[in-house]
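[1] with the sequence up front, the predicted model follows.
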Amino acid sequence: MEFKVIRIHEGDGQHPNTEYVFLQALTDENLKNLSFHLHSPHDAFIDFPSLPDVEVKKGDFVILYTGLGRYLRATINTGEPLHKVYLEQPTCLWTNLGLSPQQLCLSALEGVLV
């Protein structure tokens, strides 16, 4: 699975769903096969293995929110599919840990995505 990173949005430090990563899928795959990590300055990874069992097609858009929520399939204003996915974290992550959005890493079970 490969993604194009469209936008990484830093949160306000108080509301976890203000932190998100906006992506476009470059290949077909199931989100369950994606492992999302925050890469810290000390090479530690925080893993989020709870992504939903959802098929994403090439060209679909995905928003990964830090906070709590339920998966939702919608469309963007041009009609393309949008998958809203939540990492189920009760607090902001990279904002509160002092990490920059550029330290985010997406990796598949079989290798690097972005």
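    Alright, I've got the coordinates.
[2] tell me how many other residues crowd Glu19.
    Burial measure for Glu19: 26 neighbouring residues, criterion other Cβ atoms under 10 Å. Quick note: C-beta positions are derived from backbone N, CA and C, even for glycine.
[3] contact partners for it?
    Contact partners of Glu19, counting by Cβ atoms under 8 Å, 6 or more residues apart in numbering, are 9-11, 65-67, 92-95.
[4] so how far is Gly69 from His91?
    Heads up, residue 91 is Thr, not His. When distance is defined by Cβ to Cβ, to the nearest Å, Thr91 is 14 Å away from Gly69.
[5] ok, of the contacts of Glu19, which one's closest to Gln24?
    Comparing the contacts of Glu19 against Gln24 with Cβ to Cβ picks out His9 as the nearest, at 15.2 Å.
[6] and the closest one, how many residues sit next to it?
    His9 has 13 neighbouring residues, counting by other Cβ under 10 Å.
[7] for it, list each beta-bridge partner.
    Counting by DSSP bridges, His9 is bridged to Tyr20.
[8] I'm done for today, thanks for sticking with me.
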